[in-house]
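Visitor: Give me coordinates for this.
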Amino acid sequence: MTPSCLRFPISGDQSSSRETGCRRPSRETNRGVRMKRSTGRAGARLAHTLLDLASDFGVRDSAGILIPLRLNQGDLGNLVGLARETVNIILQDFRSRDLIEIDRQSIRIKDPDRLRSVA
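Guide: As a prediction, the model looks like this:
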């Protein structure tokens, strides 16, 4: 289990009665933890939903499967039962792993097999 805080010396004087304090992890650390979590159940639910949309509405082309629907992050969150912010984090993770491309008009699943392994 991840500790709720990181321990560090408060001052250079180690003999002080207050040897350690509590500091929040940096934003980079938090982001890394959130990215790891996106492969969990929420990420699997979103991946499964994207694959369902692809099977219902998708058009296969040379770059993957194009889903020609205008869905924003809130719409996807409502479909899956997740907050828009959570969907944003998961989609960032999927994009960084080169699984999907998203623009205002459509969603493209670039590697359906790898996305299926997340689901």
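
Visitor: now the helices for this structure?
Guide: Using DSSP state H, the helices assigned to the chain run over residues 27-37, 41-57, 73-80, 84-96, 112-118.

Visitor: Pipe these into CSV and attach distance to residue 102, mean neighbour count and mean pLDDT per row.
Guide: C-betas here are computed from N, CA, C, even on glycine. Below are the helices of the chain laid out as CSV (distance: least, Cβ to Cβ, whole Å; neighbours: other Cβ atoms under 10 Å; pLDDT from 0 to 100):
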stretch, distance to residue 102, mean neighbour count, mean pLDDT
helix 27-37, 17, 12, 51
helix 41-57, 10, 17, 95
helix 73-80, 9, 16, 95
helix 84-96, 6, 18, 96
helix 112-118, 13, 16, 94
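
Visitor: List just the one of these that sits closest to residue 66.
Guide: Nearest to residue 66 among the helices of the chain is helix 41-57; the distance by Cβ to Cβ comes to 8.6 Å.

Visitor: what angle separates that closest one from helix 84-96?
Guide: Per axes from the mean of the first three to the mean of the last three Cα atoms, to 10 degrees, the angle that helix 41-57 makes with helix 84-96 is 70 degrees.

Visitor: Show me what helix 41-57 is in contact with.
Guide: Residues outside helix 41-57 that contact it (Cβ atoms under 8 Å, 6 or more residues apart in numbering) are 37, 65, 67-69, 71, 76, 79-82, 86-87, 90-91, 93-94, 100, 107, 109, 112, 115-116, 118-119.

Visitor: If we use 6 Å, what do you get?
Guide: Applying Cβ atoms under 6 Å, 6 or more residues apart in numbering, the contact partners of helix 41-57 are 65, 67, 69, 79-80, 82, 86, 90, 109, 115, 118-119.

Visitor: and what of stretch 59-74?
Guide: Outside stretch 59-74, the residues touching it (Cβ under 6 Å, 6+ apart) are 53-54, 57-58, 84, 87-88, 106-110, 112.

Visitor: May I see the buried residues of it?
Guide: 64-67, 71, 73 (16 or more other Cβ atoms under 10 Å).
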